[in-house]
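A.B. asks: structure here, sequence nowhere to be found:
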């Protein structure tokens, strides 16, 4: 691991290979994408990072917003000398950040992979909505001990075998960072409230993303308890040019819970390189569901 201007990151793969940038969700860290690294870095420059204020990265100097997070990721990539267009991948909040990066600098983006991404519906787990209740959110975040962290991890996966002691320990370490609670609450309240994720920023962002139809892949877990799989239908309606896949018996992190299948899904997309147009619809079958077909 390395740090650049307070942002923790990890880079692997050939320096001259196409760059793949992976972004995690709210309150999480770059470890949520680590299983993809050995599957993709033989022929890609894989870049994982902790978004500012999350993981073990230092927070932004100003308020935490999608625009601020997107700008910080671009600044980190600039600092790493990344000059060619990147393949963006985002999970949950990271998906919304990736979309904001696209709208801010479309010429710098080759493809977009959104895994259980925020931005396509108001429904979100009650645990996140409770954070919007004045006073309650900070008390809840202050109580993240190993037992609470284990409950959170269990909510993320259908297969509980992924709830490892290492992941629980990492969650506790993240929660003990000095700015964790403040940044978490700032971000959650900027995106929504007790009634769910706010519609205004979602509609504005999706309209702007649709103006730049990059090759796009939408991936969801059928058993997602954080952002329900019903959001996939909304995502397909908002981005009709995108390919899509619904993993059965999978939770909120398909890139982690189904690593080999996920990598097999994204590889054809990454082969599109710097193409500017939408990805062609196919009915390739990977993991039991048709890409471009109807969810079963």
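C.D. replies: Arrived safely, thanks for sending. The structure presented is a predicted model; accordingly, all values stated were derived computationally and were not measured. Numbers count the residues shown, from 1 in each chain.

A.B. asks: what are the ranges of the strands in the stretch 51-200 of the chain?
C.D. replies: 86-91, 109-115, 192-193, 196-197 (DSSP state E, counting those that start in this stretch).

A.B. asks: please work out which of these is packed deepest.
C.D. replies: strand 86-91 (a mean of 28; mean count of other Cβ atoms under 10 Å). (Each C-beta comes from the backbone N, C-alpha and C, glycine too.)

A.B. asks: distance check, residue 202 against residue 238.
C.D. replies: 9 Å (Cβ to Cβ, to the nearest Å).

A.B. asks: give me the common contacts of these two.
C.D. replies: Common neighbours of residue 202 and residue 238, using Cβ atoms under 8 Å, 6 or more residues apart in numbering, are residue 120.

A.B. asks: can you verify my assumption that residue 196 contacts residue 124?
C.D. replies: Yes - with contact defined as Cβ atoms under 8 Å, residue 196 counts as touching residue 124 (5.6 Å).

A.B. asks: and the residue nearest to residue 181 when sequence neighbours are not counted, how many neighbours does it have?
C.D. replies: Nearest-residue entry for residue 181: residue 141, 4.2 Å, with adjacent residues in sequence omitted and distances by Cβ to Cβ, 6 or more residues apart in numbering. Per other Cβ atoms under 10 Å, the neighbour tally for residue 141 reads 18.

A.B. asks: now do residue 141 against residue 66, distance only.
C.D. replies: From residue 141 to residue 66 the distance is 20 Å (Cβ to Cβ).

A.B. asks: repeat that for residue 212.
C.D. replies: Taking Cβ to Cβ, one finds residue 212 at 16 Å from residue 66.

A.B. asks: who has more neighbours, those two?
C.D. replies: Shown here are residue 212 and residue 66; by other Cβ under 10 Å, residue 66 has more neighbours (22 against 16).

A.B. asks: pretty sure residue 261 sits against residue 249.
C.D. replies: No - the criterion here is Cβ under 8 Å, and residue 261 misses it with residue 249 at 11.7 Å.

A.B. asks: more crowded one of these two?
C.D. replies: residue 261 (17 against 12).

A.B. asks: host element of the more buried one?
C.D. replies: Using DSSP states H and E, residue 261 maps to helix 259-270.

A.B. asks: could you find the closest non-adjacent residue to the residue nearest the centre of the chain?
C.D. replies: Taking Cα atoms, centre = their mean, the centroid of the chain lies closest to residue 91, which sits 1.9 Å from it. Setting aside the residues directly before and after it, residue 91 is nearest to residue 115 in space (Cβ to Cβ, 6+ apart), at 4.4 Å.

A.B. asks: quick one: the one you found from residue 262, how far?
C.D. replies: Residue 115 is 8 Å from residue 262, by Cβ to Cβ.

A.B. asks: the residue nearest to the centre of the chain reaches residue 257, doesn't it?
C.D. replies: No - checked against Cβ under 8 Å, the pair residue 91 and residue 257 is beyond contact range at 11.0 Å.

A.B. asks: tell me the average confidence for stretch 225-236?
C.D. replies: In this model, stretch 225-236 carries a mean pLDDT of 96.

A.B. asks: go through that stretch and flag the buried ones.
C.D. replies: 225, 226, 227, 228, 229, 231, 232, 234, 235, 236 (16 or more other Cβ atoms under 10 Å).

A.B. asks: repeat for stretch 165-175
C.D. replies: Neighbour-count burial for stretch 165-175, counted by 16+ other Cβ under 10 Å, picks out 167, 168, 170, 171, 172, 174, 175.

A.B. asks: mind checking which of these are in helices?
C.D. replies: 167, 168, 170, 171, 172, 174, 175 (DSSP state H).

A.B. asks: give the contact list for the closest residue to the fourth one other than its chain neighbours.
C.D. replies: For residue 171, the nearest residue in space outside its immediate sequence neighbours is residue 149; the separation is 3.9 Å by Cβ to Cβ, 6+ apart. With contact set as Cβ under 8 Å, 6+ apart, residue 149 has these partners: 168, 171, 172, 175.

A.B. asks: can you list the weak-confidence ranges in this protein?
C.D. replies: Where the chain drops to pLDDT under 70, the residues are 273-296.

A.B. asks: what residue of it is the furthest out?
C.D. replies: Farthest-out residue of the chain from its mean C-alpha position, per Cα atoms, centre = their mean: residue 135, at 27.5 Å.

A.B. asks: that one and residue 142: what is the separation?
C.D. replies: Taken as Cβ to Cβ, the span from residue 135 to residue 142 is 11 Å.

A.B. asks: what separation do you get for residue 120 and residue 238?
C.D. replies: 7 Å.
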